[in-house]
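**Q** Could you look at this predicted model? Sequence included:
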Amino acid sequence: MAVCIAVIAKENYPLYIRSVPVQNELKFHYTVHTSLDVVEEKISAVGKAMADQRELYLGLLYPTEDYKVYGYVTNSKVKFVIVADSSNTSLRDNEIRSMFRKLHNSFTDVMCNPFYNPGDTIQSKAFDSMVSAMMVQAS
Amino acid sequence: MSIPDYMQCAEDHQTVLVVVQPVGIVPEDEFFRIYKRITSVAQVSIRDSQRNLYIRYRHHYLPENNEWGDFQTHRKVVGLISVTTCGSAKEWPQTSDRFHCQKDVFGATLYDSRLLVFGLQGEIAEQQRTDVAFYPSYDDCPDVEKRVEDFVESIFIVLESKRLDRATDKSGDKIPLLCVPFEKKDFVGLDTDSRHYKKRCQGRMRKHVGDLCLQAGMLQDALVHYHMAVELLRSVNDFLWLGAALEGLCSASVIFHYPGGTAGKASGREPSLAHGQGQAADAGKRHRPGALTANGISADTSSEIGRAKNCLGPEDIIEKYKEAISYYGKYKNAGVIELEACVKAVRVLAIQKRAMEASEFLQNAVYINLGQLSEEEKIQRYSILSELYHLIGFHRKSAFFKRVAAMQCVAPTIPEPGWRACYKLLLETLSGYSLCLDPKDFSKGSHRGWAAVQVRLLHELVYASRRMGNPGLSVRHLSFLLQTMLDLLSDQEKKEVTQSLENYTSKCPGGMEVLTLPDGLKLPPVPLSKLPIVRSVKLLDLPVSLRPHKQKGLLENNMSSKSPFIYSPIIMHTRGEERTKKIEFRWVQGDVCEVQLMVYNPMPFELRVEHMGLLTSGVEFEALPAALSLPAESGLYPVTLVGVPRTAGNINISGYHTSVFGVTSDCLLDGLPSVRTSGCVVEVIPSLPRLQLSTSLPRSAHPLRPSKEELSSSVSVQLFNGETQQLTITLENIGSEDLETLEVTSKTCNTKEKLFGEFLSWDLEEAVSQLPLKPGQSVTLTVNVKVRLDFSGGENLLQDLNDDGISVTGLPISSPLRQVLKPRAETKPLGSESSKTDYNHVKTLEAVMTFKYSGGAGKMEGYYRDLSLGVHVDVEPSVFFTRVSTLPATRTRQCHLLLDVFNSTEHELMVSANNNQDLVLHPSECQRMAIQVAKFDFHTLPQPDQEAVRYTNPKLLEEERLHAQASMISSTLGSLSVSLSLSLSLCSSSLDVVVNGKPCDCDIIADCKVGDAVPLEVKLTNRSKNAVGPFALTVVPFQDYQNGVQNYDLQDAVTFIGSNTFYIDMVKPTENSACMGALLFLYTGDFYLNIKFQDDSAGQGKELPPSWFGLPSVHIKALEAPIEAGA
């Protein structure tokens, strides 16, 4: 399960970020922020080849000592980043994929809300609860 | 070997290492000057061959690292250049000793060494020595480069010999085992004769030869040797050396593929590149001659093919690097080697633009544990990581590591934290976090960046700059934080930030100047345009009384300049010009002008803004700053900023100035797209005088009803109808210019009431004579306020007239005695309550007096000012006439005006007409009064009736109030019917009867004597506009017995001499015609003459009514003729 989930706008600023150990949120900000380098690199590398049918899931962006960072980019260049604990070896690629898919669906719902301005931070309760469900339960 | 050289790159493998060191006391700057000159010789072309030798200079090298020289020969110090100062020959031996000591440090590996001695002259300097060069001073050493080149050549000779020595050493001789320092103890007691051992020795030697070949400029040979070494070492699982061989292979391939080098220009570790020779070296690298064969002969085609085969492709290079690093990774002690290999690989990948793979190498490098690192080494490591990430385009990672490095600079474990370095490093991270310290970039709004990390970074910058001892920078950064991140800060943070900002500004107030850092970075000023937020800027017109107006005639050319068309459907201005749009109104030089800003305070606490003023351009402007305090989270709040333009011209309100939390900021409107404004350019006209108006009457509490135009002041007064009041107006020049012209006009406001006479009248002559009016002087003007209104309904009056029993026309009431004032018909409810209230209501009368004045420079330009005074009068009804009628008086030229006077006031009052007795009227009393008035010539008085009958108006004395003589009342006369006016006027034609030479009228009794002929002249004067006549006129005498009996039978008493009938021909307008006759009275007595008129024109003999002519009745008294003496 994830320890941090972030949604990043096309212009690379966070629309939503939530992490489980709340007291050290800034660390995750840095982790997610730096992961954008890799995301951009991956997009630009793939983008040249086949812009249309590219895989949205970017896979493992980079591993750190404690965490693994996974990325996902929608066609509108909104990025999802999931940070998972490295110690959680049971987490498989497929599970990550399905998490991203869920995240994407929920994000689509948020965008469908006529009262949501694209580019604003996400404050949807439904989105929030969905993210909470994917997070590691804070003990 | 513990300290990695992060600057290493793949092509360093082909260089030879030369250490340049000072010996004894050498001034640092002098040393580095010489060092720089030495390092310019980075590449030497060897004379006989086409090979190049590349030299890497170090002024500091750990001998410890030198021990790894066998492993990778470019790590081996092969040359030493010592720089020393030697003042005298006496010191020379000592210096020489020191040089030798130094030589011993690297002694084992040195091929050659040189000593450069500066300052020594004399005997010792004369001797020619190869290893020592003498120069008189640091400035006088022209052949240093030459010396270095010679030195490099000598190194090459040694290198070449060693290479050949090792390369040809293929015989069965025992090959020594080369090993790295930490291996030495491992091989103790190993079987040196085993095949395995031999192979290991061979492989290592082969690798070593490869290194030497590479250094000696024989790339092709090096590749061959490396390949062989890889095979040999792989077979014996000698992983460390296998890694080295693989890395050598990679290096050689990289050198082949990327002759431009992989270090990048940014590293700047080769200062020689800047020099001419450096460029030549660069060129040499690119056009690498085919000096690759062993004997230095240019390669043929076969060797080209061979090279291509041996050389690794770009993909392979990375693969081999990976392999090499994985082998290095097996050895804990080879961490530095591994790290350096990673760095080298990353540089290669950066050139190949394969950022992802490079990041993997870097990720690996992060985890390489080099044991205990000093803080400085950590900083260096993080910095280099940051630099490498930057190289591969990972700016965020780069910024992250740079920030880590910055934090390391001030780690609590460091006794002397390097805040300056920390700050510098933090500044370098800005771009990685998409932060630009220019607030202008933020106002665009599209890019928002990663707020959390940006805020953090700004906080760190603030802290670092404060610890650096530069509060000015802290203030600037904090202002920036407040300005750009305001929306993202929580209330608590806002409070904290502003508090610390106030703390800092108490030491160093923030301003608008550009701060320049020592390294040239400029910090642009941060105007705090969000504290408070300005929503709109509106320039205000001057108050009504001060508004300048342009003289009419001058206005047109202003209009025509815009467009040649009178009307055009095309709107000329575009939306973008709105800001620069000129505003309709004008400001006046020297007058206080206002601009209204709508501001609000976004902070959760009260915001104190000080010195808020306007920023202008175009005109000299004296801004009068204001201080304001905005409550927390205030809504839109209007703030008026004022200032005085000191010169004329077009003024542009370009922005405003504030001082918040000790930070002064100039906010320009151009940079604030959210501000709404209806134009910021306004014309300032030259100064005009200013008048202040004061009146003798109290100011009006309620404004005038038609408030379409604003009034500067207004007065109100309460008057009885018909009353006159004097209003004294004092005009004081309170401006600084002379008042030169003054015009006064008045306008009665649209009242439905019919107003008689002039409401306001004045005489301006006296006031004008005092002009020009100097500043401070004043002039007074007296205005008469007269009110005359109709308080009775006009229809009522007419009805009354018709009902009247007295026939106005044609009833010849000759005697005033008859005119008994019959009481009014009781059917008319005049005195009843209902109608009383009708008459009682108060009417208002309003007028605006306009004072148009001008003077000074503004007058030259054709401007003037208006000052308007509203006059509000409540008119109470006084007396009025409920009924008017006339009665002919006894004289034909006079008549009686009958007036029913009604007192509608609550006071007793006295009415007096001219030469009439006073009539006392009680409240709500109605009485009739008769006034004898002369008839007037209707035609010669073309003015309205009121004018003519003014004198008939009774004077009204109001007893209780004021005891003042009230004005004349002409109120009801406006509605006189036509017939009434006829009877009041003279007849259209008049007859004058002259008896006995005296004109006769009703009450004049002509005397004559019995027996005498009395001449009678009848004169007809035509006053109408048409010709009249002809008429027949018959004079009939009669006697009135005063009892209703008239005796016409007087044939024996009166006789006519001649005819008693006269004929008058047609009389033209304004002409007259006279007939003469004579009467002879036979008896004494009172006789009357009745004159009858007949229209004779058509012979009809119709009698005309006497009222047409106002026929006088002639009264003649015949007296006894005096006895004459002769009779």
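**A** Sure, I can see it. Numbers count the residues shown, from 1 in each chain, chains lettered A, B, ... in the order given.

**Q** which SSE is B:Leu1079 in?
**A** Using DSSP states H and E, B:Leu1079 falls within strand B:1072-1081.

**Q** Show me which residues of that strand are buried.
**A** Residues of strand B:1072-1081 classed as buried: B:1072-1073, B:1075, B:1077, B:1079, B:1081 (neighbour count, 16 or more other CB atoms under 10 Å in any protein chain shown). Where C-beta positions appear, they are placed from N, C-alpha and C, glycine not excepted.

**Q** now swap in stretch B:232-245 and tell me
**A** Neighbour-count burial for stretch B:232-245, counted by 16+ other CB under 10 Å, picks out B:232-233, B:236, B:238-245.

**Q** Could you dump those residues into TSV with pLDDT added?
**A** Below are these laid out as TSV (pLDDT from 0 to 100):
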residue	pLDDT
B:Leu232	87
B:Leu233	88
B:Val236	87
B:Asp238	85
B:Phe239	88
B:Leu240	88
B:Trp241	88
B:Leu242	89
B:Gly243	90
B:Ala244	89
B:Ala245	89
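
**Q** Return the closest of those with respect to chain A.
**A** B:Gly243 (23.7 Å; CB to the nearest CB).

**Q** got the residues of chain A near chain B?
**A** By CB under 8 Å from any CB of the partner chain, the residues of chain A that approach chain B are A:9, A:11-14, A:17, A:25-26, A:29-30, A:33-34, A:36-38, A:41-42, A:45, A:62-63, A:65.

**Q** Am I right that B:Leu461 sits in a helix?
**A** Yes. Checked against DSSP: H, G, I helix; E, B strand; the rest coil, B:Leu461 lies within a helix.

**Q** how far away is it from B:Gln1046?
**A** 129 Å (CB to CB, to the nearest Å).

**Q** For those two, indicate the residue with more neighbours.
**A** Taking other CB atoms under 10 Å in any protein chain shown, B:Leu461 and B:Gln1046 do not tie; B:Leu461 has more neighbours (26 against 13).

**Q** what sits against the more buried one?
**A** Residues near B:Leu461 by CB atoms under 8 Å, 6 or more residues apart in numbering or on different chains: B:423, B:426-427, B:473, B:477.

**Q** can I get those residues in TSV with neighbour count?
**A** TSV is the format used below for these (neighbours: other CB atoms under 10 Å in any protein chain shown):
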residue	neighbour count
B:Tyr423	25
B:Leu426	24
B:Leu427	22
B:Leu473	22
B:His477	28
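
**Q** Residue of chain A closest to chain B, please.
**A** Closest point on chain A to chain B, by CB to the nearest CB, is A:Asp37, at 3.8 Å.

**Q** What distance do you get for the residue nearest to that residue when sequence neighbours are not counted to B:Phe32?
**A** Nearest residue to A:Asp37 in three dimensions, chain neighbours excluded: B:Phe394, at 3.8 Å (CB to CB, 6 or more residues apart in numbering or on different chains). Here the criterion is CB to CB. By it, B:Phe394 lies 34 Å from B:Phe32.

**Q** Now for B:Gly335: which residues touch it?
**A** B:4, B:368-371.

**Q** Are there helices or strands packed against the lowest-mean-pLDDT helix or strand in chain A, and which ones?
**A** Within chain A, confidence by mean pLDDT, DSSP states H and E is lowest for helix A:25-49 among all helices and strands, at a mean of 81. Here helix A:25-49 touches strand A:2-8, strand A:14-19, strand A:57-63, strand A:67-73, strand A:79-85, helix B:355-367, helix B:395-409, helix B:451-467, going by 3 or more CB pairs under 8 Å, 6 or more residues apart in numbering or on different chains; DSSP states H and E.

**Q** Reformat these as CSV; add distance to B:Gly870 and mean pLDDT.
**A** Below are the helices and strands packed on helix A:25-49 laid out as CSV (distance: least, CB to CB, whole Å; pLDDT from 0 to 100):
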stretch, distance to B:Gly870, mean pLDDT
strand A:2-8, 67, 89
strand A:14-19, 62, 88
strand A:57-63, 79, 84
strand A:67-73, 73, 89
strand A:79-85, 70, 90
helix B:355-367, 81, 84
helix B:395-409, 71, 88
helix B:451-467, 59, 86
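
**Q** Much appreciated, bye for now.
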